[in-house]
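> Generate a structure from the sequence data that follows.
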Amino acid sequence: MELNIFDTEDEVLAALAAHFVKIADESIAARGKFSVALSGGNSPKKLYELLASAYPDKVEWEKVYFFFGDERNVPQTDKDSNYLMAKKALFDPLNISILNIFPVDTSLAPEQAAEKYQEEIETFFDEGELSFDLILLGLGDNSHTASLFPFTPVLHDRTPGVKEVFLQDQQIYRITLNAPLINEAQHIAFLVYGEGKAIAVHHVLEDDEDIEEFPAQLIEPIVGEIEWFLDTAAAALLRNK
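Modelled structure (predicted):
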């Protein structure tokens, strides 16, 4: 694991954008394509906007294939849709082909949507290991990542896959890659900034293991690399920097 700590939010975003481009170039050179699972939320939106504005000609975007680490169980036209956010911030500005974009089919019931998404991922990797070149992750104030929320059954999955998750307190479903699937990735990058994340960062990186309370502790790649991109505010409570 590597910690990358920067003074400002803009520096964090710039560093992760450069990291994204580096892995994309290496993956395309090695295998002719780059597979990435995107995260949702305001922080990655700024990352996608930066990639679209600063790197439109520096990545072979026609060889990039986009998936989603998780999705809310809402229509793709809903303001809370991770797909819609990425479409506006990244896909549309770069004219990404629909053949390169793999959204979760939220028109289906949650369990069926999860099953279909897993099938699409398995088809993409063509019976090989389900190993994304890069998975982007965020971190919630409650130490969740993707849609791996505290005290949910998906935290105990042992086989790589996609699952529906019901959040009792919000009475809503989400669809998520589970931890075993995320951990198959070649590269995993957490994007976390702001003082409001400092407690969660400390819990995940330095507290005793408690996956029920701090689900992001589950993210430990099997053979790949994991990097954290943090600002000084988010890293403020870390003892070991």
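
> What helices and strands are in contact with the helix of greatest length in the chain?
In the chain, assigned by DSSP state H, the helix with the most residues is helix 9-31. Judged by 3 or more CB pairs under 8 Å, 6 or more residues apart in numbering; DSSP states H and E, helix 9-31 is in contact with strand 2-6, strand 34-38, helix 42-54, strand 134-137, strand 187-192, strand 225-231. C-beta coordinates here come from the backbone N, C-alpha and C atoms, glycine included.

> Please convert these to CSV, extending it with distance to Glu111 and mean pLDDT.
What follows is the helices and strands packed on helix 9-31, written out as CSV (distance: least, CB to CB, whole Å; pLDDT from 0 to 100):
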stretch, distance to Glu111, mean pLDDT
strand 2-6, 37, 97
strand 34-38, 20, 98
helix 42-54, 26, 95
strand 134-137, 23, 98
strand 187-192, 26, 98
strand 225-231, 30, 98
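
> Just name the most buried of the ones you listed.
strand 134-137 (a mean of 26; mean count of other CB atoms under 10 Å).

> Relative to that strand, what are the paired strands and their orientations?
Applying DSSP bridges, strand 134-137 is found paired with strand 34-38 (parallel), strand 187-192 (parallel).

> Using a markdown table, lay out those strands together with distance to Gly140.
As requested, the strands paired with strand 134-137 are arranged in a markdown table below (distance: least, CB to CB, whole Å):
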| stretch | distance to Gly140 |
| --- | --- |
| strand 34-38 | 16 |
| strand 187-192 | 10 |
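
> I'd like to know which of those strands is closest to Glu209.
In terms of CB to CB, the element of the strands paired with strand 134-137 nearest to Glu209 is strand 187-192, at 17.2 Å.

> Quick check: buried residues in the following helix or strand past the closest one?
With elements assigned by DSSP states H and E, the helix or strand that comes after strand 187-192 is helix 198-206. Of all the residues in helix 198-206, those buried under the rule 16 or more other CB atoms under 10 Å are 198-205.

> now do stretch 63-76
Those would be 64-74, for stretch 63-76 by 16+ other CB under 10 Å.

> May I have that stretch exported as PDB, CA atoms only?
C-alpha atoms of stretch 63-76 as PDB (Å, rounded to 0.1, in the frame of the first residue of the first chain):
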ATOM      1  CA  LYS A  63      -9.500   1.400 -26.000                       C
ATOM      2  CA  VAL A  64     -10.800   2.300 -22.600                       C
ATOM      3  CA  TYR A  65     -13.800   0.200 -21.200                       C
ATOM      4  CA  PHE A  66     -15.800   1.700 -18.300                       C
ATOM      5  CA  PHE A  67     -17.600  -0.200 -15.600                       C
ATOM      6  CA  PHE A  68     -19.000   0.900 -12.300                       C
ATOM      7  CA  GLY A  69     -17.900  -0.200  -8.800                       C
ATOM      8  CA  ASP A  70     -21.400   0.400  -7.600                       C
ATOM      9  CA  GLU A  71     -24.700   2.000  -8.600                       C
ATOM     10  CA  ARG A  72     -27.800   3.300  -6.900                       C
ATOM     11  CA  ASN A  73     -31.000   1.500  -7.700                       C
ATOM     12  CA  VAL A  74     -32.400   4.400  -9.700                       C
ATOM     13  CA  PRO A  75     -33.200   5.000 -13.400                       C
ATOM     14  CA  GLN A  76     -30.100   6.000 -15.400                       C
END
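
> Good, wrapping up.
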